[in-house]
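Based on what follows, work out the 3D shape:
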Amino acid sequence: MQTETVLAIAAINDRFRKSGYGITVTPGVLALDNLPVLIDEIRKFNEFNEGNDPYGEHDFGVVHWYTEKVIWKIDYYDQDLKYGHDPLALDCKRIMTIMLASEY
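Predicted structure coming up:
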């Protein structure tokens, strides 16, 4: 059962992911073909289930891009990007990292 807190975090994460802002990519992802199209695929991602989203927060996903498995993950930081932060705090700064599974 999902709590109101989890649903609120998932909704904020979905809006953030769909915005396309706050993205960091690894060197392996940067070298991929059609990077803007890959990012658009991640923005449209909506295949959450218990296997890839056990906490229901929509903060992680996997897409297959050509022959590569690409992982994206949303993390929560304070405004200085020094420490983790409450994902529901108004001053929470989200960063989405996109990486190849082989870089994990």
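
average model confidence for stretch 84-96?
Mean pLDDT, stretch 84-96: 97.

contacts for it?
Stretch 84-96 has contacts (CB atoms under 8 Å, 6 or more residues apart in numbering) with 5, 8-9, 12-13, 16-17, 22-24, 42, 57, 72-79, 81. Where C-beta positions appear, they are placed from N, C-alpha and C, glycine not excepted.

Please check the residues you listed and keep the buried ones.
Buried members of these, scored by 16 or more other CB atoms under 10 Å, are 9, 12-13, 16-17, 23, 42, 57, 72, 74-77.

Show me which helix runs longest in this structure.
helix 4-19 (DSSP state H).

quick one: contacts of it?
Helix 4-19 is touched from outside by 2, 22, 42-45, 55-59, 72, 74, 87-88, 94, 96, with contacts defined as CB under 8 Å, 6+ apart.

and if we set it to 10 Å?
Outside helix 4-19, the residues that touch it by CB atoms under 10 Å, 6 or more residues apart in numbering are 2-3, 22-23, 42-46, 48, 53, 55-61, 72, 74, 76, 86-88, 92, 94-96.

now do stretch 27-46
Contacts of stretch 27-46 (CB under 10 Å, 6+ apart): 14, 17-20, 23, 25, 52, 58, 61-66, 68, 70-72, 96-103.

just checking, which of these belong to strands?
Taking DSSP state E as the definition of strands, these contribute 23, 25, 61-65, 68, 70-72, 96-100.

Quick check: the farthest pair among these?
Within the ones in strands among the contacts of stretch 27-46, I23 and H64 form the most distant pair, 18.8 Å apart (CB to CB).

quick one: S102 and E68 touch, right?
Yes - with contact defined as CB atoms under 10 Å, S102 reaches E68; the gap is 7.9 Å.

ok, these two, which is more surrounded?
More crowded of S102 and E68, by other CB atoms under 10 Å: E68, with 16 against 10.
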